[in-house]
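Asker: any chance you could fold what I've pasted below:
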Amino acid sequence: MQEEPKVWYACYGSNLLKERFSCYIGGGRPANAKRVYPGCSNKTLPEKSKGITINGDLYFAKSSKTWSGGGAGFIKSDFNKNIKTLGRMYLITQQQFIDLVQQEIKFEGDFDIDLQRVIKNRSLDMKNNSWYGKIIYLGEDENCPIFTFTNEDYLKDEINSPHEFYLKIIIDGLKETYQMSDAEIETYLKNKEGIKGFSIETKLPRLIQGLI
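Answerer: Sure thing, here's the model as predicted:
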């Protein structure tokens, strides 16, 4: 029996934390979230994970019911080699990635993605009015393609600060993935759109220190 092709799923938001990402694979409700995820048809956990730098600016926008009305994380799709968003990528099966996208966009019914088309064109706009309707090909690692997703547009008119619960998961994910110091995490996050100039900016040091 031929082994199913593997792909890397690259994330930059709350899925930086392995425990939170596992809800997309195995199903369940992340801590402090208001949504239960069905999980993938194949609930085998990722074979491995590693850090990845993504050349698209991280920002926070929209109002997520899952995270008590706070902004969700997105990246700008106009990549710039000088932009360094810290991500994490998980080695999963091709079908797990498709199942993951289906959960993220909350699509009911039969669903598929032509990943070869994504590779050929470097990206694919699914045009389904979902928050994460743009699949982006980031290259290869260990002979497996790397994919991420974001909004088809830069949501400059919907910038919204993330809820403390959501931001704390990102903070914990950065610590887990990169073993960053508190000062390094604050420097990384404090100027992001959706944080800078919002009340969450003043809470950032205490969130990072685990005092909130």
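Asker: contacts only, for residue 67.
Answerer: Applying C-beta atoms under 8 Å, 6 or more residues apart in numbering to residue 67 gives the contacts 32-34, 162-163, 165-166. Every residue, glycine included, has its C-beta placed from N, CA and C.
Asker: counting by contacts, list what the worst-scoring helix or strand of the chain on mean pLDDT packs against.
Answerer: Taking mean pLDDT, DSSP states H and E as the measure, helix 94-105 is the helix or strand of the chain with the lowest mean score, a mean of 93. If you count contacts as 3 or more C-beta pairs under 8 Å, 6 or more residues apart in numbering; DSSP states H and E, helix 94-105 packs onto strand 6-11, helix 18-26, helix 115-121, strand 144-150.
Asker: the helix or strand containing residue 184 - what's its average pLDDT?
Answerer: Element membership for residue 184 (DSSP states H and E) is helix 182-189. In this model, helix 182-189 has a mean pLDDT of 98.
Asker: buried ones in it?
Answerer: Going by neighbour count (16 or more other C-beta atoms under 10 Å), the buried part of helix 182-189 is 185-186, 188-189.
Asker: same deal with stretch 72-90?
Answerer: Under the neighbour-count criterion of 16+ other C-beta under 10 Å, stretch 72-90 has 72-77, 79, 85-90 buried.
Asker: for that stretch, output the C-alpha coordinates as PDB.
Answerer: Output in PDB follows, covering the C-alpha atoms of stretch 72-90 (Å, rounded to 0.1, in the frame of the first residue of the first chain):
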ATOM      1  CA  ALA A  72      -7.500  36.600  14.500                       C
ATOM      2  CA  GLY A  73      -4.100  36.300  13.100                       C
ATOM      3  CA  PHE A  74      -3.400  36.800   9.300                       C
ATOM      4  CA  ILE A  75      -0.400  37.400   7.200                       C
ATOM      5  CA  LYS A  76      -0.200  39.900   4.300                       C
ATOM      6  CA  SER A  77       0.200  37.900   1.000                       C
ATOM      7  CA  ASP A  78       2.500  40.600  -0.600                       C
ATOM      8  CA  PHE A  79       5.600  38.900   0.600                       C
ATOM      9  CA  ASN A  80       8.800  40.900   1.200                       C
ATOM     10  CA  LYS A  81      12.100  39.200   2.000                       C
ATOM     11  CA  ASN A  82      12.800  41.800   4.700                       C
ATOM     12  CA  ILE A  83       9.600  40.700   6.700                       C
ATOM     13  CA  LYS A  84      10.300  37.900   9.100                       C
ATOM     14  CA  THR A  85       7.100  36.400  10.700                       C
ATOM     15  CA  LEU A  86       7.900  33.500  13.000                       C
ATOM     16  CA  GLY A  87       6.000  30.400  12.100                       C
ATOM     17  CA  ARG A  88       6.000  26.700  12.800                       C
ATOM     18  CA  MET A  89       5.400  23.900  10.300                       C
ATOM     19  CA  TYR A  90       4.000  20.500  10.900                       C
END
